[in-house]
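Q: Provide a 3D model corresponding to the input given below.
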Amino acid sequence: MLAALILPLLLADGPVAAACTGADPAIASATLQSQTKNGALDHYVVAVRVTNQGSRPQPSNLLQSVEVLQNGDHVDQKGLPPLRPGQSATVTYAFDRAASAGKGTTRLTFFLALQGQTIPGPLDCSAANDRVRLSV
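A: The predicted structure follows:
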């Protein structure tokens, strides 16, 4: 009797769990797109690409964004359109810092936020691919 209750739980959480049958937005990459100098400041632009890796489109009325943390502080939010399976969208985040700042000293974190969604769920099969870190 106990085995009949535990086995389904093990299967649901284990490596034999069912594949994603819904939408699965994922941050596919976050890369430094450009760096320019303006006097004592460096201007950086980071491109963040999000792809729906799932098998279903996202609802047309979905509100989602890429949230931006810089050195642990929430500094920006970039809206994203709903994505069809395999479709990607790219947003950019630009910031300035002192030209004298050491390389790799600005820590950026980008993560997906879906309004009204507890992740994982029907709008996002996996939270494991929803966050990326980049040091500039």
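
Q: quick one: low-confidence ranges for the chain?
A: By pLDDT under 70, the low-scoring segments of the chain are 1-18, 116-122.

Q: residue boundaries of the helices in the chain?
A: Secondary structure of the chain, counting by DSSP state H: helices at 2-13.

Q: Give me the longest strand you can find in it.
A: strand 25-38 (DSSP state E).

Q: Could you count how many residues lie near Val75?
A: Val75 is flanked by 13 other residues according to other C-beta atoms under 10 Å. In this view, the C-beta of every residue, glycine as well, is placed from N, C-alpha and C.

Q: Would you mind confirming that it is in contact with Val66?
A: No: counting by C-beta atoms under 8 Å, Val75 stays clear of Val66, with 11.9 Å between them.

Q: Give the pairing partners of the longest strand of the chain; include direction for each.
A: strand 41-52 (antiparallel) (DSSP bridges).

Q: I'd like the distance from the strand it pairs with to the chain centre, please.
A: Chain-centre distance of strand 41-52: 12 Å, with C-alpha atoms, centre = their mean, to the nearest Å.

Q: What are the buried residues along that strand?
A: Of the residues in strand 41-52, 42, 44, 46, 48-52 count as buried by neighbour count, 16 or more other C-beta atoms under 10 Å.

Q: which among those residues gets closest to Gln33?
A: Gln33 has its nearest neighbour among those in Val46, at 6.3 Å by C-beta to C-beta.

Q: what's the closest residue to Gln35 other than its chain neighbours in contact with, if anything?
A: Counting by C-beta to C-beta, 6 or more residues apart in numbering, Tyr44 is the residue found nearest to Gln35 once chain neighbours are left out, at 5.3 Å. With contact taken as C-beta atoms under 8 Å, 6 or more residues apart in numbering, Tyr44 is in contact with 32, 34-35, 94-97, 106, 136.
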